[in-house]
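Asks: Fold the stuff below for me.
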Amino acid sequence: MLLKQVQLEQSQLAAAEADRALELIGRAIRMAGYINVRTAGVKKPKSSKQELLEILKGAGLNRADTLFIKHEISDGVDLDCIGNALTKERTKKHLAHQGFFLERQTGAPKGSRINGGSLMCQSLDRQGRLQNTTLMNGVRHLRIEGVAPNSQRVFKVTIQMDLGKSVAEFSRIFTGRNLH
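Replies: Sure, this is the predicted structure:
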């Protein structure tokens, strides 16, 4: 009974972590391509839709997908994927940057058995340089798919987590608001 209790707690903890990560990815997808109407008259470099939301299929650890998003900052409080407030200093060419990808688990000793990799969050620091931060460990796979054929607005995001003796999969569907 104690073993079942531990497994249940592991499963609940994984579900909570996956839910948090999916919410952060979903928030980024919704912001992708946002243009601030107050700065619409300011001369800015043109970006293609592909640059504003880019999915690299099979580019990460275990052939996981990678997601990069760019958007302008609003007049309110915008946050990056780790909770830092976005400011003009945290942009490059007037665009905030967020990325999500899977890489070898951080902090694991070489040669040790590793259950999954680390889901990483990429954003810009105060000097506009890319910084990578670990969101969660134990992620086996990240998959991002357009829901409808050739969809550029609706995405299904799936995180597959390695729980040691079992694998759990968590999915959500998000709509990009600003990708016309």
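Asks: which residues in this protein form strands?
Replies: 53-56, 66-71, 96-103, 117-124, 130-146, 154-162, 167-175 (DSSP state E).
Asks: I'd like these laid out as TSV, including mean neighbour count.
Replies: The way it works is simple: take the backbone N, C-alpha and C, and place the C-beta from them, glycine included. Output for those, formatted as TSV (neighbours: other C-beta atoms under 10 Å):
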stretch	mean neighbour count
strand 53-56	17
strand 66-71	23
strand 96-103	22
strand 117-124	23
strand 130-146	18
strand 154-162	20
strand 167-175	15
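Asks: how far off strand 167-175 does the longest helix along the chain point, in degrees?
Replies: Longest helix of the chain, by residue count under DSSP state H: helix 2-31. Relative orientation of helix 2-31 versus strand 167-175 (axes from the mean of the first three to the mean of the last three C-alpha atoms, to 10 degrees): 20 degrees.
Asks: mind listing what's buried in helix 2-31?
Replies: Of the residues in helix 2-31, 10, 14, 17-18, 21-22, 24-31 count as buried by neighbour count, 16 or more other C-beta atoms under 10 Å.
Asks: before we move on, back to that, can you redo the strands of the chain as a markdown table with distance to L79 and mean pLDDT?
Replies: Formatted as a markdown table, the strands of the chain follow (distance: least, C-beta to C-beta, whole Å; pLDDT from 0 to 100):
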| stretch | distance to L79 | mean pLDDT |
| --- | --- | --- |
| strand 53-56 | 18 | 93 |
| strand 66-71 | 12 | 95 |
| strand 96-103 | 10 | 95 |
| strand 117-124 | 10 | 95 |
| strand 130-146 | 13 | 93 |
| strand 154-162 | 18 | 94 |
| strand 167-175 | 17 | 93 |
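Asks: can you redo those as TSV with distance to R90?
Replies: Shown next, in TSV, are the strands of the chain (distance: least, C-beta to C-beta, whole Å):
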stretch	distance to R90
strand 53-56	19
strand 66-71	12
strand 96-103	6
strand 117-124	5
strand 130-146	10
strand 154-162	24
strand 167-175	23
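Asks: how about the ones you listed, which one is nearest N36?
Replies: strand 66-71 (9.0 Å; C-beta to C-beta).
Asks: Run through the neighbouring helices and strands of the closest one.
Replies: Judged by 3 or more C-beta pairs under 8 Å, 6 or more residues apart in numbering; DSSP states H and E, the packing partners of strand 66-71 are helix 2-31, helix 49-52, strand 53-56, strand 96-103, strand 130-146.
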